[in-house]
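Peer 1: below: sequence and its predicted model.
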There are 2 protein chains.
Amino acid sequence: MSNLPLSGGRLWDSLMEMARIGATPKGGCDRQALTALDGDGRALLARWGAEIGLTLTTDRLGNMALRRPGRDASRRPVAIGSHLDTQPTGGKFDGVLGVLAGLEVLRALHESGTETEAPIVLVNWTNEEGARFSPPMLGSGAAMGAFTEAETLDRRDPDGVRFGDALRAIGWEGDADPAALRDLDAYFELHIEQGPVLEREGLDVGIVTHALAQQWFDVTVTGEESHAGSAMSHRRDALVAAAILIEALEGIARQAGGDGRATVGRIAVEPASRNVVPARAAFSVDLRHGNEAALDRMAAALRERAAAVAVERGLTIEVAPFWSFPQTPFDPTLAQRLRDAASTRGLRWRDMPTGIGHDAVYVARRVPAVMLFSPCEGGISHNEAEAITPEWAEAALLVLADAVVATAGIAGD
Amino acid sequence: MSNLPLSGGRLWDSLMEMARIGATPKGGCDRQALTALDGDGRALLARWGAEIGLTLTTDRLGNMALRRPGRDASRRPVAIGSHLDTQPTGGKFDGVLGVLAGLEVLRALHESGTETEAPIVLVNWTNEEGARFSPPMLGSGAAMGAFTEAETLDRRDPDGVRFGDALRAIGWEGDADPAALRDLDAYFELHIEQGPVLEREGLDVGIVTHALAQQWFDVTVTGEESHAGSAMSHRRDALVAAAILIEALEGIARQAGGDGRATVGRIAVEPASRNVVPARAAFSVDLRHGNEAALDRMAAALRERAAAVAVERGLTIEVAPFWSFPQTPFDPTLAQRLRDAASTRGLRWRDMPTGIGHDAVYVARRVPAVMLFSPCEGGISHNEAEAITPEWAEAALLVLADAVVATAGIAGD
């Protein structure tokens, strides 16, 4: 347990100050990546960093790294990171909590004159949300080699604006090599849970042990169009078949165990007329599981059920892979450090996976990484109503700080 | 059984000639209501009518009535009607068969010099399809008083063009009162089945005894948006609830008996993102049954199931009435005349309802009316692949002619 003068109040004040940039009438934030408001948010973070002597480096993708030196210049830095960009009708905490809690750790180190053995770097990743430029986590993904720098700069927003041009327009195109951020000793990311588990179980923090593997599919059911007045017995209704599969997917996820998730987020039918039996129904399927073999079994169950429904109903059903993402374990040593920190502080914690992509998931491909979750009210995020309590923020701050300091080491200890 | 020189070959030739107007590359027709092509189709019918001495009257909504006088000028006419307009990718027979079979009856009467007691009127109703101007059956509906003339003229197509303006533009605005078409002794409408029953059962014609009652609803499920990575246990997934109801509706229709139909033709979810559990799902429901009480029970079963799913899953589900149409019986005497005609000709027939709206359903509100179905291949209609055989067309022609002549009476018999 560190003796740093960590201030939950100062963290909260900073969260509220950052939230004024892009504040929405309903109490949320619209500070999308590479907009002028994102530039304002970045400038505020840079100013806060300068106030405590951090050295800012910005890379060619706009990723910001604010560095506090360590005693041992040969050691690679311990990083704390997340993102300041938000959804169009986003909240005040998604991403921002992780960045500003990291800032508070550095403020407390600065204020107390504490020297760490390893340098500490605070990272603000560009375009985590994917709301403006798709896909999400572009900055961290490109830094870790999941995307090339060139393809990232060429991404376009829905208005056709190029990522690289938007970055230059707000004045945040740096000259550092994004790949330099692979050269870290450890990476910590605090984030709101974006789910209701911690709140419902009355816990203070979640230790995120792994990110679920994902398999996404496009399912297309082809039946036969007929009039809504035609007899039921002769129908080959594509939507009813889709409905059976959508309901079945819920069962497939539940049967797969606690880590299993199945989501149909999109559906469209043709010809989409009130009085015409749909000839075609197309829907997306998003399957996730913490265990790759279990995920494969879920996908197999979907295919089997689809084949059975197709035969029963005289339809064709195509289950086409769209995208997949491997199971990503976080670093067990760092996770244990978070557990130890929480236990020492007398806080209640549990292990949990993240079913959601985060910058840490890309970072974990190259660097020992871990995540820490704090509760969020009702599990609501990507929403102006997103809310946490100052107590939750402070508890997470303490755990984060202790684990980071334990990793970086205190000079002279 | 009449001895008229009815010609299935001439009917078929006329069908093929009409089909050239608006012919599509895939062998169908695009002759939407009040387009220039509709004008061309009308002109062809008018020319054919003039060739056999029919008197054309066009009303203020463009409904065409081609009259052959009877011996008894005091008798109200016996009418044969349907429509020449098509869907955008429609077929060659939907509607057209009914009009041109009526024409063939009149041609045979003309050719043989047969005088009927009652006049016979052939009607081409405006905008039956509803593809250009919504709702369908505007011409017959307005003539029978279901819509006012003014509101009908003010209907607009998707480009904002007014019905009345389109009618004038193609030169088919007449000056007759549409309500004059209520003054009929009887109304016969031959139409393709638009379902597969007759073909599958190897029958020649269907005697349509009634039109199913219809109740249409808008169902809106409101759950809670959450991330596709969130645990299954806490979800309130609007689409899964919708899927359960869509599947249940099929069961509700089957349980309601042979006349019951349930169709969900449209569905939309929000926010419609691959990795977001839908917060809202909205879908249309079209319920039909030949018995109003049974239809009410189907609607009640939908509401009950929706209420149960809402409670089970912590959602709200609104089932809002959108439109309804009463059960419409056709005239039993006219139906018996069709059965007698079919039996006398040695043709195989069955009684059946129409689950689909037709001009005859509006006409039946004011006039003794009946419908006759001919088979169509695979039950496919509203489609360029719509097909019938010349034999089917001829069989239906014979039944129609005999029943019409029996109703109008032969002078001197």
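Peer 2: That came in fine, so what should we check first?
Peer 1: model confidence for whichever residue of the stretch 1-150 of chain A sits closest to chain B, exactly?
Peer 2: The stretch 1-150 of chain A approaches chain B most closely through A:P136 (9.2 Å), counting by CB to the nearest CB. For the C-beta atoms, the positions are set from N, CA and C on the backbone; glycine is no exception. With respect to pLDDT, A:P136 has a value of 90.
Peer 1: and A:L190, by the same measure?
Peer 2: We have a pLDDT of 98 for A:L190.
Peer 1: spatially nearest residue to the residue of the stretch 1-150 of chain A closest to chain B (excluding sequence neighbours)?
Peer 2: The shortest distance from A:P136 to any non-neighbouring residue, by CB to CB, 6 or more residues apart in numbering or on different chains, is to A:G130 (2.8 Å).
Peer 1: pull the number of nearby residues for A:A43.
Peer 2: Neighbourhood size, A:A43 [other CB atoms under 10 Å in any protein chain shown]: 14.
Peer 1: ok, the one 5 residues further on next?
Peer 2: When neighbours are counted by other CB under 10 Å, A:W48 registers 20.
Peer 1: tell me the SS of it?
Peer 2: Under DSSP: H, G, I helix; E, B strand; the rest coil, A:W48 falls in the helix class.
Peer 1: also A:L302?
Peer 2: Taking three-state DSSP, the label given to A:L302 is helix.
Peer 1: that one against A:V285, yeah?
Peer 2: Yes - the pair A:L302 / A:V285 is scored as a contact, 6.5 Å apart, by CB atoms under 8 Å.
Peer 1: ranges for the strands of the stretch 151-300 of chain A?
Peer 2: Using DSSP state E, counting those that start in this stretch, the strands of the stretch 151-300 of chain A run over A:186-192, A:205-211, A:213-222, A:226-227, A:261-263, A:267-270, A:276-277, A:280-289.
Peer 1: elements contacting the fifth one?
Peer 2: With contacts taken as 3 or more CB pairs under 8 Å, 6 or more residues apart in numbering or on different chains; DSSP states H and E, strand A:261-263 sits against helix A:238-255, strand A:280-289.
Peer 1: for the residue of the stretch 1-150 of chain A closest to chain B, what are its contacts?
Peer 2: A:127-130, A:357 (CB atoms under 8 Å, 6 or more residues apart in numbering or on different chains).
Peer 1: any chance of a PyMOL selection covering the buried ones in the residues you listed?
Peer 2: For the buried members of the contacts of A:P136, the matching PyMOL selection, counting by 16 or more other CB atoms under 10 Å in any protein chain shown, is:
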select buried, chain A and resi 127+128+129+130+357
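Peer 1: chain B contacts on the stretch 251-400 of chain A?
Peer 2: Within the stretch 251-400 of chain A, the positions near chain B by CB under 8 Å from any CB of the partner chain are A:253-254, A:258, A:260-267, A:269, A:271-278, A:284, A:286, A:288, A:354-357, A:379-383.
Peer 1: scratch that, the stretch 51-200 of chain A
Peer 2: A:194-197, A:200.
Peer 1: which of those residues fall within helices?
Peer 2: A:197, A:200 (DSSP state H).
Peer 1: okay, the residues of the stretch 51-200 of chain A next to chain B in TSV with pLDDT and neighbour count next?
Peer 2: TSV is the format used below for those (pLDDT from 0 to 100; neighbours: other CB atoms under 10 Å in any protein chain shown):
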residue	pLDDT	neighbour count
A:Q194	90	24
A:G195	87	27
A:P196	86	21
A:V197	90	18
A:R200	92	13
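Peer 1: right, and out of the residues of the stretch 51-200 of chain A next to chain B, which lies closest to A:D38?
Peer 2: Nearest to A:D38 among those is A:Q194, at 20.6 Å by CB to CB.
Peer 1: wait, the closest one sits on B:A228?
Peer 2: No - the criterion here is CB under 8 Å, and A:Q194 misses it with B:A228 at 10.7 Å.
Peer 1: joint contacts of these two?
Peer 2: A:I356.
Peer 1: hmm, the lowest-mean-pLDDT helix or strand in chain A in reach of chain B?
Peer 2: When the helices and strands of chain A are compared on mean pLDDT, DSSP states H and E, strand A:226-227 comes out lowest with a mean of 84. Yes - using CB under 8 Å from any CB, strand A:226-227 reaches chain B at A:226-227.
Peer 1: so who does the residue nearest to A:P136 touch?
Peer 2: A:136-138.
Peer 1: circling back to that earlier point, generate a ChimeraX selection restricted to the buried subset of the residues of the stretch 251-400 of chain A next to chain B.
Peer 2: ChimeraX command restricting these to the buried ones, with burial defined by 16+ other CB under 10 Å:
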select /A:253,260,261,262,263,264,265,266,267,269,273,274,275,276,277,278,284,286,288,354,355,356,357,379,380,381,382,383
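Peer 1: check which residues of stretch A:224-238 are buried.
Peer 2: Neighbour-count burial for stretch A:224-238 [16+ other CB under 10 Å]: A:224-232, A:234-238.
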